[in-house]
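K.L.:
Coordinates for the following, if possible.
(one chain, ligands or ions: 2)
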Amino acid sequence: MFHDVGSKGYISLEELKAKEDYPTVERLEKGPIAIIECLQDIPCNPCQDACPVGAIKFSQQDITGIPLLDQEACLGCKKCISSCPGQAIFVVDYSFSEELGTLTFPYEYLPLPQEGAELPGVSREGKEVCPVTVVKVEQRPNLNKTALVTIAVPKEYLEIVRFIKYRRDGVSNE
Ligand code: SF4
Ligand code: SF4
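P.N.:
Ligands and ions are numbered 1, 2, ... in the order given. Prediction:
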């Protein structure tokens, strides 16, 4: 299967939602779950090895297939996020509060943002979408030194926001 990820550099929401393992609304509302935003047939599978419950499988017999999530098996534990060299795995939690959900994503820059910081949330295309709040920053030195940042996002933007805008001086945004 070929997707035009390479030329535009990101996966569109439409492509992602067309993937057969995109979680149902019912499963999303139950609690945290991984969203695997990987659509390229490349020889890669550390995400599969990182999952403690075998919730990630491949669409072909070998590892050149596309990783697919077993949405009922996934615990939303976040262990797969740091394992992915393509930074293509996110965990969303629509059960965080009435108005807000959370997004956890890999973060490989310094300084790390501070918990409680209010920053612009940005889309896959890098466009500012809405203000978000950093609720958790986890450093996992045993997992590729990739930190995990969790932000609270208004639920209507939780499918769209995938990163934050954060200046190196840690003060604010552009
Ligand atoms: S969030 Fe945890 S349970 Fe779900 S796919 Fe990732 S490692 Fe497996
Ligand atoms: S580790 Fe990341 S890039 Fe590799 S197959 Fe899994 S999701 Fe795709």
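
K.L.:
what residues does the longest strand belonging to the chain touch?
P.N.:
Ranked by residue count and defined by DSSP state E, the top strand of the chain is strand 128-138. Contact partners of strand 128-138, identified using Cβ atoms under 8 Å, 6 or more residues apart in numbering, comprise 102-104, 107, 112-123, 147-154, 157, 160-161, 164-165. Where you see a C-beta, it was placed from the backbone N, CA and C, and this is true even at glycine.

K.L.:
same question for the helix or strand following that strand, mean pLDDT?
P.N.:
Using DSSP states H and E, the helix or strand that directly follows strand 128-138 along the chain is strand 147-154. Averaging pLDDT along strand 147-154 gives 97.

K.L.:
before we move on, the earlier item: quick one: the longest strand of the chain to strand 147-154, angle?
P.N.:
For strand 128-138 against strand 147-154, the angle by axes from the mean of the first three to the mean of the last three Cα atoms, to 10 degrees is 130 degrees.

K.L.:
before we move on, back to that, which of the contacts of strand 128-138 are buried?
P.N.:
102-104, 107, 112-113, 117, 119-123, 147-153, 157, 160-161, 164 (16 or more other Cβ atoms under 10 Å).

K.L.:
returning to what we had before: ok, the longest strand of the chain near ligand 1 or not?
P.N.:
No - against ligand 1, strand 128-138 shows no contacts by Cβ under 6 Å from any ligand atom, the least distance being 13.4 Å.

K.L.:
Please compute how far that strand lies from its chain's middle.
P.N.:
Centroid separation for strand 128-138 versus its chain: 13 Å, with Cα atoms, centre = their mean, to the nearest Å.

K.L.:
and if you look at stretch 131-139?
P.N.:
With Cα atoms, centre = their mean, you get 13 Å for stretch 131-139.

K.L.:
Using PDB, list the CA coordinates for it.
P.N.:
Output of stretch 131-139 as PDB, limited to C-alpha atoms (Å, rounded to 0.1, in the frame of the first residue of the first chain):
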ATOM      1  CA  PRO A 131      -4.300  26.800  23.600                       C
ATOM      2  CA  VAL A 132      -3.400  23.600  25.500                       C
ATOM      3  CA  THR A 133      -2.100  23.000  29.000                       C
ATOM      4  CA  VAL A 134       0.900  20.700  29.900                       C
ATOM      5  CA  VAL A 135      -0.400  18.300  32.500                       C
ATOM      6  CA  LYS A 136       2.500  15.800  32.700                       C
ATOM      7  CA  VAL A 137       6.100  15.500  31.600                       C
ATOM      8  CA  GLU A 138       7.700  12.100  32.000                       C
ATOM      9  CA  GLN A 139      11.400  11.400  31.500                       C
END
